[in-house]
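K.L.:
need the 3D shape of this:
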Amino acid sequence: MEEDIDVVGEAGTAAEALARVPAARPDVAVLDVRLPDGTGVEVCRDIRSRDETIRCLMLTSYADDEALFDAIMAGASGYVLKAIRGSELLSAVRDVAAGKSLLDPDATRRVLERLRGGQGVPGAAGGDDRLARLTEQERRILDLIGDGLTNRAIGQELHLAEKTIKNYVSSVLAKLGMERRSQAAAYVARLQAERKD
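P.N.:
Here you go, the predicted structure:
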């Protein structure tokens, strides 16, 4: 019904989205965080690793800080709650299409508070002797994860294959005792904040 917005495809599962999005090449993919066969965050990460021109807007029912961390790390441009009104969702799609970063203000505030205080950030507590376990290359990759780069972008930055970066990321997470990129990003942010203090 909006003159400047065309729906070029729909999908009900992660598998369908991964098959249809590359073919439809939308400017913006609106992704539900929770899907029957996976997560919208995984779909976002996969889409963005194949084509960084496709922007992703995450839609969720829950103000879940961990999912927000994951969405940011996957390269999402926006994260809004399903309680959003239709007109606000259209504005969000337009903003993301225009290259703006759009994150729900309440969720963003909570994430920033966690980062600043280090409160409840998994893997961020305790001794930083874990950094000593990392090789120089792994430290560089950890810093780039902290900057929000995808595996592909890190590979381009360091002139390495994306698969090699994926292996490095797995090694970094294992050495730090973490399971998710978002935990590593929060850890880097906390270290940077501590250095400033």
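
K.L.:
next SSE after the least confident helix or strand in the chain by mean pLDDT?
P.N.:
Here the helix or strand of the chain ranked lowest by mean pLDDT, DSSP states H and E is helix 105-117, holding a mean of 61. Going down the chain from helix 105-117, the next helix or strand is helix 136-146, by DSSP states H and E.

K.L.:
so whichever strand or helix holds V169 versus helix 136-146, what angle?
P.N.:
Using DSSP H and E, V169 sits in helix 162-176. Relative orientation of helix 162-176 versus helix 136-146 (axes from the mean of the first three to the mean of the last three Cα atoms, to 10 degrees): 90 degrees.

K.L.:
buried stuff in whichever helix or strand comes after helix 162-176?
P.N.:
Using DSSP H and E, the next helix or strand after helix 162-176 towards the C-terminus is helix 181-196. Going by neighbour count (16 or more other Cβ atoms under 10 Å), the buried part of helix 181-196 is 181-191. Bear in mind the C-beta positions are built from the backbone N, C-alpha and C, glycine included.

K.L.:
swap in stretch 33-40?
P.N.:
Going by neighbour count (16+ other Cβ under 10 Å), the buried part of stretch 33-40 is 33, 35, 39-40.

K.L.:
can you list those residues in TSV and add pLDDT and secondary structure?
P.N.:
Listed next are these as TSV, based on pLDDT from 0 to 100; DSSP: H, G, I helix; E, B strand; the rest coil:
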residue	pLDDT	secondary structure
V33	87	coil
L35	87	strand
T39	87	strand
G40	89	helix
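
K.L.:
can you put those residues in CSV and add distance to Y62?
P.N.:
Output for the buried residues of stretch 33-40, formatted as CSV (distance: Cβ to Cβ, whole Å):
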residue, distance to Y62
V33, 8
L35, 14
T39, 12
G40, 12
